[in-house]
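Enquirer: can you look at this prediction? I've put the sequence above it.
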Amino acid sequence: SYVAPSVTALMDQQQKKDESLTAEATPTLPSGSYKPKQSLGQNFLRDGNTVLKILKAFHRDATRHRTTVDRVVELGPGAGALTDQLVKNYGTEILQCIEIDQRSVELLNQKHPGLAVQHADVLQVNYPEMAQQEGQA
């Protein structure tokens, strides 16, 4: 007969998963014209501790009711501080990014050649259609 794991055991498993996630300090942005655009309301994430907190919170939420993460869509990845860590921890196969700034699209394509980066405004994307195309609807 099935015996459900205790809440303590589940919490221990989740803590071990959280501890296995890693993030490093964000590399410096490319020099020259790659500065946040005020017109797009950009702020580039640069602090490795903040990246790690976001990554852990995401993983905790994404695995709350399942053991694996099947699909990740990052909105407005910018220079890729979080993207770099999502790729490192989950791979490019399940990650897709939507970015309005062509400079960031080009930078992400250079850094992660296998990553799907859609050049679009996140407010204009048809998410049900995107999910259907991905087979996740």
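Expert: Looks like it came in fine. Keep in mind it's a predicted model, so treat the numbers as computed, not measured.
Enquirer: now the strands for the chain?
Expert: Taking DSSP state E as the criterion, the chain contains strands spanning 72-75, 95-99, 116-119.
Enquirer: per-residue pLDDT, residue 33?
Expert: The score at residue 33 is 61. That number is its pLDDT.
Enquirer: oh, that last question was meant for residue 124, not what I typed.
Expert: 95.
Enquirer: same check, this time on residue 64
Expert: So, for residue 64, pLDDT stands at 90.
Enquirer: ditto for residue 98
Expert: pLDDT, read off for residue 98, is 97.
Enquirer: count the neighbours of it for me.
Expert: Using other C-beta atoms under 10 Å, residue 98 has 21 neighbouring residues. From N, CA and C alone the C-beta is placed, and that goes for glycine too.
Enquirer: beta partners of it?
Expert: residue 75, residue 118 (DSSP bridges).
Enquirer: was I right about it contacting residue 72?
Expert: No. Here residue 98 does not reach residue 72: they are 11.5 Å apart, not a contact under C-beta atoms under 8 Å.
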